[in-house]
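with the sequence up front, the predicted model follows.
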Amino acid sequence: MPLPPRHVLNRRFSRFALYTLVTVFGLILVLPFYYMVVTSFKSLEEITKVPISIGLPWPPSIEPYQTLLQGFNYGRFMLNSLYVATATMIGAMLFS
């Protein structure tokens with residue numbers, strides 16, 4: 001069985017190297033978001049524990065979300081952000 005031409009092998013290697021590089025960079029970009037979401041389900045003691053753990057705690061705690069929704073005027077913050085975003089969009093459409 002004859003071997004494929006050299007340029008075919010080079011193209012296959014280049015494509016493999018490109019996909020590997022894109023996969024590695026993709027994982028590097030996704031890792032902080034994963035850590036942020038996993039940490040949001042941890043208690044304060046688990047967050048400050050050394051060494052850090054990157055896995056989902058068991059049982060996951062929703063206490064930080066309860067504190068956010070009950071302890072702060074979160075609905076008002078969201079409405080304010082919606083108002084600012086809408087005003088900015090309308091301003092950009094009118095003056096651009």
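Now that the structure is in, tell me what you want to look at. Residues are numbered from 1 along each chain as shown.

now do the same for the residue nearest the centre of the chain: its pLDDT.
Taking CA atoms, centre = their mean, the centroid of the chain lies closest to Phe33, which sits 2.7 Å from it. Turning to Phe33, the model gives it a pLDDT of 93.

in the protein, what spans have low per-residue confidence?
Along the chain, the parts satisfying pLDDT under 70 run over 1-9.

how is the chain divided into domains?
Residue ranges for the domains of the chain, per automatic domain parsing: 1-61, 62-96.

ok now the shortest one, how far from the chain's centre?
What that stands for is domain 62-96. Distance, stretch centre to chain centre, for domain 62-96: 20 Å (CA atoms, centre = their mean, to the nearest Å).

list the buried residues of that domain.
Using 16 or more other CB atoms under 10 Å as the test for burial, domain 62-96 gives no buried residues. Just so you know, the C-beta spots here come from the backbone N, C-alpha and C atoms, and that holds for glycine as well.

for stretch 25-32, output the C-alpha coordinates as PDB.
In PDB, the C-alpha atoms belonging to stretch 25-32 read as follows (Å, rounded to 0.1, in the frame of the first residue of the first chain):
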ATOM      1  CA  PHE A  25      -7.400  27.500  24.500                       C
ATOM      2  CA  GLY A  26     -11.200  26.800  24.700                       C
ATOM      3  CA  LEU A  27     -10.700  24.900  27.900                       C
ATOM      4  CA  ILE A  28      -8.500  27.700  29.300                       C
ATOM      5  CA  LEU A  29     -11.300  30.200  28.500                       C
ATOM      6  CA  VAL A  30     -14.100  28.000  29.900                       C
ATOM      7  CA  LEU A  31     -12.300  27.100  33.200                       C
ATOM      8  CA  PRO A  32     -12.900  30.400  35.000                       C
END
